[in-house]
Structure formats: structure tokens, C-alpha cells
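Undergrad: okay, predicted coordinates and the sequence, questions at the end:
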Amino acid sequence: YRETDHGKPIDASGDVDGAPFTNAVELGSVLRNSPAASACFVRKLYTYAQGRTPVDVDAPALDALAQRFSEASHRADQLLIELSSSEAFRFVEPTFAKAP
């Protein structure tokens, strides 16, 4: 923990979509309670797990995951379990590189 950077005081305050915070702990709370941040986290994890950008047909799976993530108090471990046990993940179609 440090209070200065190159001799100048660190100001860790700010706001996310109008929700103010004064330090990293408060920023975490703001992000945890932000529907936009929650949906973004679910979408990014889904993208990584699928190995591709989500398309329109993925919307129901993303919505279900986002709902379960919210119901589980935004626990990442529960989201990983939900994602890895979802049909969208278990039955993903492989992509094959085209031969030259």
C-alpha cells in the first residue's frame, strides 16, 4: 500500500456510471453492484470459454448465465461451474482451420 506515486499523492477516487468510490474496496463494491459490469464479465468469460465471439443464438445462454451469476451474489466460482456445465459449453461445435 502506498499513498504517493513519484512524490505526489494518489487519488483513488472516482465514479462508475455515476456511482462514486473513494478507494479500491469501494470500487469493487460499485462494480459488483453494476449490472453493466456483471453482464460484461459474463460475456467476456463466455467468449473465452467458447473460443469465439458470441452471436445472436448465444443470447439465451448469456442471459441465463448472467441471471445465475446475479443469484449467486456474483461469485465467479459459481459462474465457472454454471458455464462449464451449460449445454452451450458442453456441446460447442469445434471450429476447424481451412486447409490452404
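TA: Looks like it arrived, so ask away.

Undergrad: what ranges of the chain fall below the confidence cut-off?
TA: Across the chain, the ranges flagged by pLDDT under 70 are 92-100.

Undergrad: now do the strands in it.
TA: Taking DSSP state E as the test, the strands found in the chain are 4-5, 8-9, 14-16, 19-21.

Undergrad: residue nearest the centroid of the protein?
TA: Most central in the chain under C-alpha atoms, centre = their mean is Phe41, positioned 0.9 Å from the mean C-alpha point.

Undergrad: tell me how far that residue lies from Ala76.
TA: Counting by C-beta to C-beta, to the nearest Å, the separation of Phe41 from Ala76 is 8 Å. Every residue, glycine included, has its C-beta placed from N, CA and C.

Undergrad: what about the helices in this protein?
TA: Taking DSSP state H to define them, one finds helices in the chain at 24-32, 35-50, 59-71, 76-85, 87-90.

Undergrad: what lies in contact with the third one?
TA: Applying C-beta atoms under 8 Å, 6 or more residues apart in numbering, the contact partners of helix 59-71 are 38-39, 41-43, 46, 54, 75, 78-79, 82-83, 86-88.

Undergrad: ok, back up a step: dump the strands of the chain to JSON lines, plus distance to Arg68 and mean neighbour count.
TA: Formatted as JSON lines, the strands of the chain follow (distance: least, C-beta to C-beta, whole Å; neighbours: other C-beta atoms under 10 Å):
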{"stretch": "strand 4-5", "distance to Arg68": "40", "mean neighbour count": "8"}
{"stretch": "strand 8-9", "distance to Arg68": "42", "mean neighbour count": "8"}
{"stretch": "strand 14-16", "distance to Arg68": "23", "mean neighbour count": "12"}
{"stretch": "strand 19-21", "distance to Arg68": "24", "mean neighbour count": "14"}
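
Undergrad: need those strands in CSV with distance to Leu31, can you?
TA: Supplementary listing: these in CSV, determined by distance: least, C-beta to C-beta, whole Å:
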stretch, distance to Leu31
strand 4-5, 22
strand 8-9, 24
strand 14-16, 7
strand 19-21, 9
